[in-house]
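K.L.:
Okay, structure incoming, though there's no sequence with it:
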């Protein structure tokens, strides 16, 4: 293991997700409130984000919940999303709409809540509302969790998310994860002995003027009609490229992630 590998492992340790076991009242209370809101439509509250995948960092949301609603639940997905937002606004002081989720802050704990209508039948497929596009998509959160958690690329993903947050870049995690797993690091060695090499390769790929993976078509493996690479606009991708160009010119890791 090189000094670079060791430094990056220290960065991962620095941004380890916080211990949420102290929220023994707040989180169960929220789950009960979500069940109360959903009423007869309620099926389950699922741990759906980075904690479930193993890619959580302290710089991003602390907890992600998907509220699974029955397939025969009344209302459009937009109406359901708006209804949950209004309900949470009545219960909490810090509430913010995001693309598919609604973020609330409980004390200093950031929680992203996503309402989703389950597809009929024996399936984990859900339909979600996309507020930025005023549209909807079908996806499978459990498949995402399985694909990412078993990818062998957790540390590279977490480092890229840390870099994203430190440089204030817009880069949806689901897109970032599949881009790294299926394209950028496809066929590369796995393990902490290759951490620095792999991570620098990611940054170099982001900085490419030609054949940049950010302009590859990346689709949701659970729904080919859900194009993950469309989650970022051309201008947002250019910001990632510009920062990557700066980062790969730095002479020390401390100036890339700190």
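P.N.:
Done, it's in. Given the structure is predicted, the values throughout are model-derived calculations rather than measurements.
K.L.:
Determine the number of other residues adjacent to the closest residue to residue 191 other than its chain neighbours.
P.N.:
Leaving aside its chain neighbours, residue 191 sits nearest to residue 152 (7.9 Å; criterion: Cβ to Cβ, 6 or more residues apart in numbering). The C-beta positions use only the backbone N, C-alpha and C, and glycine is treated the same way. Applying other Cβ atoms under 10 Å, we find 13 residues neighbouring residue 152.
K.L.:
Assign residue 152 to helix, strand or coil.
P.N.:
coil (DSSP: H, G, I helix; E, B strand; the rest coil).
K.L.:
Over to residue 124?
P.N.:
Going by three-state DSSP: residue 124 is coil.
K.L.:
Is there a neighbour count for it? I'd like the number.
P.N.:
17.
K.L.:
contacting residues for it?
P.N.:
118, 140-143 (Cβ atoms under 8 Å, 6 or more residues apart in numbering).
K.L.:
Over to residue 62?
P.N.:
17-18, 20, 56, 109-111.
K.L.:
same thing with residue 27?
P.N.:
Residue 27 neighbours (Cβ under 8 Å, 6+ apart): 20, 63, 111.
K.L.:
could I get the residues you listed as CSV with neighbour count and pLDDT?
P.N.:
Below are these laid out as CSV (neighbours: other Cβ atoms under 10 Å; pLDDT from 0 to 100):
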residue, neighbour count, pLDDT
20, 15, 90
63, 24, 93
111, 23, 96
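K.L.:
Look up the pLDDT of the spatially most central residue of the chain for me, please.
P.N.:
Compute the mean C-alpha point of the chain, and by Cα atoms, centre = their mean the closest residue is residue 173, 3.3 Å away. Listed pLDDT for residue 173 reads 94.
K.L.:
Could you report the distance from it to residue 70?
P.N.:
27 Å (Cβ to Cβ, to the nearest Å).
K.L.:
Domain ranges for this protein, per the record?
P.N.:
Using automatic domain parsing, the domain parsing of the chain gives 3-16+145-255, 26-141.
K.L.:
Could you pull up the contacting residues of residue 95?
P.N.:
Contacts for residue 95 (Cβ under 8 Å, 6+ apart) come out as 85, 88-89, 102-104.
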